[in-house]
Structure formats: structure tokens, C-alpha cells
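J.: return a 3D structure for these sequence lines:
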Amino acid sequence: MSSTAIARTPFSVLDRSRAREGHPPAGALRDTVALAREAEALGYHRFWVSEHHGVPGVAGSAPTVLAAAVASATRTIRVGTGGVMLPNHQSLVVAEQFGVLESLFPGRIDMGLGRSVGFTDGVRRALGRDKEDAGDFAAQLGELLGWFAGTSPTGVRARPAEGLRVPPFVLAMGEGARIAARAGLPMVIGDLRGRDKLLRGVDQYRSLFRPSPWASEPYVVISGTVAVAGSEEEARRLLVPEAWSMAYSRTHGTFPPLAPAEEIEARRMTAKERGFYEASLAGHIAGTGEQVAHELETVLKETGADEVLVTTSSYDRTALLDSFRRLAALVAPGR
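T.: This is a model prediction of the structure:
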């Protein structure tokens, strides 16, 4: 696979509105909107936002509301969710929200859907859900799509969703890949670090795929962290804040705001923290432009993916924006 093949592959951005130490959550949401404008100017294909509840390190708790703000601040880039966690919501309400978005921003809205429930028992209780609700995802997905098709058996009509065509995507690993395939929907799968698991999920999805009114053939979006900098060490430092946040969550039970890389590197970690931290740093696509281009060529060749969704977060917003600019120069050099 050549670099021209990379240039033909659409690259998109998923931003999780990561909060930073010393900055209010509102700042993270404004950063998301600003990044969306930059992503549009750089030629990225989509810009998606995520759903998290009760997480100190993530400000994005209402993805359809944030998607509306992003769509209002941009003109051409596709905008969506990566994703709305369907077990947390009534499908009619989700259909209505996306119907409103599509009505306001026609032809630009994507409906990315996940099957996770709240992060902790307390959050699940607050949402009125439990872990078992994730097991109903296939039925919930069918019900949601029925509101757009006007086939709900209740006699209720979803306004203004009915009759609109909002492309649905399933965020999938394991059972999610099978659900996406049987429903005939595009699939978003990650992360790039677990390459063997990723390839198994993609192969399973393609082998089980059934054409549907939403998609006539499989469509695979691979998702993960990509960091590009002037040196390998600079790219690695971009990953440090997120890696420590992951390690902290594994050892303390809460996902904190991002801290500066230099502060983290000066910490005295326990052996357990150090183990999770090093594991969280490993396996991402990070380095100079040449190194990243080579790795992207490899992963695209292995997976045959139709699109790449980049999810990079870091405390240093200037370095993060520079990474997205460098990546855009690699994958869309003519834009």
C-alpha cells in the first residue's frame, strides 16, 4: 500500500472533551468546538463527540447537544456522535434528537451508537439503568431505526425523525460487531493497540454482514490514537497525560482530568501504577510523520478499513493541534 492509498482513505476525528487540570469543564467543551473548526479547515471527513456521565476527566455528557454546537460552528464537515450510548436512553428520544439535528443541518449528521451503560454503579443508578441493559442493544437498535422508518408498532410517530435518513454507525467490539453485521450497518471498531482482536472483529463483521436499507456492503471504520510530532519523543509526550489518566483510573477507580506531561513524568508511581501507565503508553501509532505514515499503511493494509477515526487527547492543546495538522498533511496533502 502506498502513501497515495492513505490519502484516499477518509480520516475523521472523535473528541471526548477531555478536561484539564486547572481548567473548568466549560473550557473543554469550547476546546471541542474550536478543534472541530480546525478539523474542518484541515480536510477531515467527520467530527464526532462522545457520551460520558459522572466522569471528572470528561466534560462531554450530552453528545447531541454538543453536536449541535459543533454543527453550528462549522459549515461542511460531517458531525456526529461516537457515540450515544443507546442503553442509557429511550429510543424515541434519541430518534427525536437526531431528527432535530438532521432537520437543522441536513446531510451533515451521523448517528454513532454504542452499547455501554454508566461507568459506575452510582452513575447507572442515577440513569435508572443496570449492566444487563447492554444485553438489549440489538432490540434497542432495531426500535430506534424503526422510528426513522415509521414502523413503530405503538402508533406514535417520531417527529421530525420519521422519513429522515441519518446514517447509523455501531461502535463495536465482540458482540457489537455481530450486531452491526446482522443489522447491516457500518461499524466503528478500536483500538489500534489490540491488533489481533481488531482483525478478528473486522473479519467477523465482514463474514456476517447482511445488506440493509442503510448499507449495501460492509463499511469499517477503525479507531484509535494517532500522534505526530517533530520527533518520536515529542509524540510520546503527547500520549503521557492520557496514559496516566488511564493508569489512575485503574488504580483509584476514577478517571481524572489530564495533567501536564512534565508533572506526570516527575511523579513517584507505585509499581502497580507504573505497570498500568507503561501499558497505556504502548501500542499507539505515534512518532514522526514518516514513522506514522508507515504504520498507517500497515494497519490499513491489514484491516482493509474504509475510514480511520482518530481519538487523540493531550493536556498540551498547542501540541495536540500541531499533531492533527501534521497528520492532515500526511493523509490529505492536497487539501
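J.: just the CA coordinates for stretch 257-264, please, in CSV.
T.: The C-alpha coordinates for stretch 257-264 follow below in CSV (Å, rounded to 0.1, in the frame of the first residue of the first chain):
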residue,chain,number,x,y,z
PRO,A,257,-8.6,15.4,34.3
LEU,A,258,-5.5,15.4,32.2
ALA,A,259,-2.3,16.7,33.9
PRO,A,260,0.8,18.2,32.2
ALA,A,261,3.3,15.6,30.9
GLU,A,262,6.2,17.1,32.9
GLU,A,263,4.2,16.8,36.2
ILE,A,264,3.4,13.1,35.4
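J.: tell me the mean pLDDT over the helix or strand containing Arg124?
T.: Assigned by DSSP states H and E, Arg124 belongs to helix 121-127. Averaged across helix 121-127, pLDDT comes to 72.
J.: mind listing what's buried along the helix or strand just after that helix?
T.: Following helix 121-127 in sequence order, the next helix or strand is helix 137-149 (DSSP H and E). Within helix 137-149, the residues scored as buried using 16 or more other CB atoms under 10 Å are Phe137, Ala138, Gln140, Leu141, Glu143, Leu144, Leu145, Gly146, Trp147, Phe148. Every C-beta, even on glycine, is put in place using the N, C-alpha and C of the backbone.
J.: and those as TSV, adding pLDDT and distance to Pro63?
T.: Compiled in TSV, the buried residues of helix 137-149 are given as follows (pLDDT from 0 to 100; distance: CB to CB, whole Å):
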residue	pLDDT	distance to Pro63
Phe137	89	17
Ala138	92	21
Gln140	93	16
Leu141	95	17
Glu143	94	19
Leu144	95	15
Leu145	95	18
Gly146	94	21
Trp147	94	18
Phe148	93	18
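J.: for the stretch 101-250 of the chain, which segments count as strands?
T.: For the stretch 101-250 of the chain, the strands defined by DSSP state E, counting those that start in this stretch occupy 109-114, 168-171, 187-189, 220-224, 226-228.
J.: can you map out the helices along the stretch 201-335 of the chain?
T.: Under the criterion DSSP state H, counting those that start in this stretch, the stretch 201-335 of the chain carries helices at the ranges 232-252, 261-265, 271-281, 289-303, 317-331.
J.: quick check: which of those is nearest to Gln97?
T.: Of all those, the one in closest proximity to Gln97, counting by CB to CB, is helix 317-331 (27.8 Å).
J.: the closest one vs helix 289-303, what angle?
T.: Orientation check (axes from the mean of the first three to the mean of the last three CA atoms, to 10 degrees): helix 317-331 against helix 289-303 gives 60 degrees.
J.: who does helix 317-331 touch, helix- and strand-wise?
T.: Secondary-structure packing of helix 317-331 (3 or more CB pairs under 8 Å, 6 or more residues apart in numbering; DSSP states H and E): helix 3-8, strand 11-15, helix 25-42, strand 226-228, helix 232-252, helix 289-303, strand 307-310.
J.: can you tell which of these is closest to Ser280?
T.: Evaluated over these, closeness to Ser280 peaks at helix 232-252, with 3.8 Å, by CB to CB.
J.: now tell me what touches stretch 85-95 from outside.
T.: Under the contact criterion CB atoms under 8 Å, 6 or more residues apart in numbering, stretch 85-95 has outside partners 51, 53, 64, 84, 113-118, 127, 129, 133-134, 136-137, 140-141, 143-144, 147-148, 152, 156, 158, 161.
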